[in-house]
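Novice: Need a 3D model of the following:
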Amino acid sequence: MKNIPQGGGLGQQGPPQGGPQQPDLSKEEIRELDSVRCKECGNETFISALQMKVIPSVHPTAPPGGGGIQPVQVFACLGCGRRADLEKLTDESE
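Specialist: All right, here's what the predicted structure looks like:
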């Protein structure tokens with residue numbers, strides 16, 4: 001499998017925080033990449049979702065006057081519906 005730095009979607013810029021950028025890949029290069037599979041069911045398709053985390057008002061990063069909500073991007077397998085743990089995802093060669 002080709003080693004691609006983490007970032008935004010294929011052909012898009014990486015995270016706005018100045019993290020690594022996703023390289024632009026041609027359609028042919030994308031077809032050559034190995035697919036990631038869910039270790040639970042082997043499915044290759046995932047959906048993006050947001051998990052909402054509560055920031056307590058006493059937390060050092062809480063906004064003035066109280067706590068808040070912090071959205072966190074997660075992925076769920078479309079085959080079995082389980083939240084995808086990125087460390088349990090694998091390419092098709094394993």
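Novice: can you give me the helices for this protein?
Specialist: 27-32 (DSSP state H).
Novice: Kindly report the domain assignment for it.
Specialist: Domains of the chain are assigned by automatic domain parsing as 1-33, 38-91.
Novice: Would you single out the least confident of those?
Specialist: Taking the average pLDDT of each of the domains of the chain, the minimum falls on domain 1-33, with a mean of 61.
Novice: Okay, strands next: where are they in the chain?
Specialist: Taking DSSP state E as the criterion, the chain contains strands spanning 36-37, 46-55, 68-77, 90-91.
Novice: Please work out which of those strands is packed deepest.
Specialist: Among the strands of the chain, the stretch with the highest mean neighbour count (mean count of other Cβ atoms under 10 Å) is strand 36-37, at a mean of 19. C-beta here means a position set from N, CA and C on the backbone, and glycine is covered the same way.
Novice: okay, now Cys38: neighbour count?
Specialist: Using other Cβ atoms under 10 Å, the number of residues around Cys38 comes to 23.
Novice: got a list of what Cys80 touches?
Specialist: Cys80 makes contact with Cys38, Glu40, Cys41, Asn43, according to Cβ atoms under 8 Å, 6 or more residues apart in numbering.
Novice: what's the distance between the nearest residue to Val74 once chain neighbours are set aside and Ala84?
Specialist: Leaving out its chain neighbours, the residue that sits closest to Val74 by Cβ to Cβ, 6 or more residues apart in numbering is Gln51, at 4.9 Å. As for Gln51, its distance to Ala84 is 12 Å (criterion: Cβ to Cβ, to the nearest Å).
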